[in-house]
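K.L.:
3D, please:
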Amino acid sequence: DPGPFGLLCFGMTTCMLMFVTTGWTDKHFIPTVFCYAMFYGGFGQFVAGALELIKGNTFGGTAFASYGAFWMGWFLLEYLSITNKAMFPGVQSGKSLWCGLWAVLTFGFFIVTCRKNGCLMTIFSTLVITFSLLSGGVWDPRCEQAAGYWGFFCGSSAIYAAFAFLYKAELGILLPGVRPVHFI
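P.N.:
Next up is the predicted model:
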C-alpha cells in the first residue's frame, strides 16, 4: 500500500516548509526545503500516486499525483523566482491566485474524504485553510504566519495518518481517525 509513503512525503515536506512560514527558522533553511520539495514531497508523492492508480485507487492516485506535481512546481517556481528575479516581476497577485486555486482543488478532494475517514478529512480540511491563508499571506505577513501554523498542523496530521494506516496494516492496531465515515 503506497498510501503511508505518500502521506509521509506530503506531511514531512509540508512541515519543513512551515518551519520557515511560521518563523520558527529563518529563510536560510529554504534550500533544504527545496531539496525535499523536489524529491520527497514531489517525486515521491508522484510515484505514490502512480502506484495508487495502478492499484485502482482513483482518489489516492489523483490526490498524490496532484500534490506531487504541486511540490515539483513549487520548487521550480520558488527556485526561479529567487535565482532570476527579472523573470518574475509582479508575481505577487499570481501567487495569490495560484494558492487560491489550490484551495479550491483541495476543497474538491475534501468532499471525497467525507466518505473516507477522519484522518483524511482532517488533512484536507486544514489544507484548504492553509492554502486560503497562503493566498492572503502574499499580501499580509500575519496571514502568511497563520498559514504556517495551520500548514504545520496539516502536515503533522498527514504524518499521524501515515503511521495510523501503517500500524493498522502491519500491526492490526486501529488508532483514532482510521475508521471509515460516511458523512455524505
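K.L.:
C-alpha only now, for contacts and for neighbours.
P.N.:
OK.
K.L.:
which residues touch the closest residue to residue 155 other than its chain neighbours?
P.N.:
Distances taken as CA to CA, 6 or more residues apart in numbering put residue 11 closest to residue 155, at 3.9 Å, once the chain neighbours are dropped. Shown here is residue 11, whose contacts under the criterion CA atoms under 8 Å, 6 or more residues apart in numbering are 154, 155, 156, 157, 158, 159.
K.L.:
quick one: the helices in the protein, in order.
P.N.:
If DSSP state H is used as the criterion, the helices of the chain fall at 3-21, 30-36, 45-55, 58-83, 91-113, 118-137, 141-171.
K.L.:
of those, which approaches residue 179 most closely?
P.N.:
Using CA to CA as the criterion, the shortest distance between residue 179 and these is 7.3 Å, found for helix 118-137.
K.L.:
could the helices of the chain go into a markdown table alongside distance to residue 181?
P.N.:
Written out in a markdown table, the entries for those read as follows (distance: least, CA to CA, whole Å):
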| stretch | distance to residue 181 |
| --- | --- |
| helix 3-21 | 18 |
| helix 30-36 | 32 |
| helix 45-55 | 21 |
| helix 58-83 | 15 |
| helix 91-113 | 9 |
| helix 118-137 | 7 |
| helix 141-171 | 15 |
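K.L.:
how about the ones you listed, which one is nearest residue 184?
P.N.:
Closest to residue 184 of the helices of the chain, according to CA to CA: helix 91-113, at 8.3 Å.
K.L.:
so for that closest one, what's the average pLDDT?
P.N.:
Helix 91-113 comes out with an average pLDDT of 93.
K.L.:
what comes into contact with it?
P.N.:
If you take CA under 8 Å, 6+ apart as the criterion, helix 91-113 is touched by 59, 63, 120-121, 124-125, 127-132, 134-139.
K.L.:
so which bits of that helix are buried?
P.N.:
Judged by neighbour count (16 or more other CA atoms under 10 Å), helix 91-113 contains these buried residues: 95-97, 99-100, 102-103, 106-107, 109-110, 112-113.
K.L.:
for the residue of the chain positioned farthest from its centre, give me its contacts.
P.N.:
Residue distances from the centre of the chain (CA atoms, centre = their mean) peak at residue 86, which lies 28.5 Å from the mean C-alpha position. Contacts of residue 86 were listed using CA under 8 Å, 6+ apart, and none were found.
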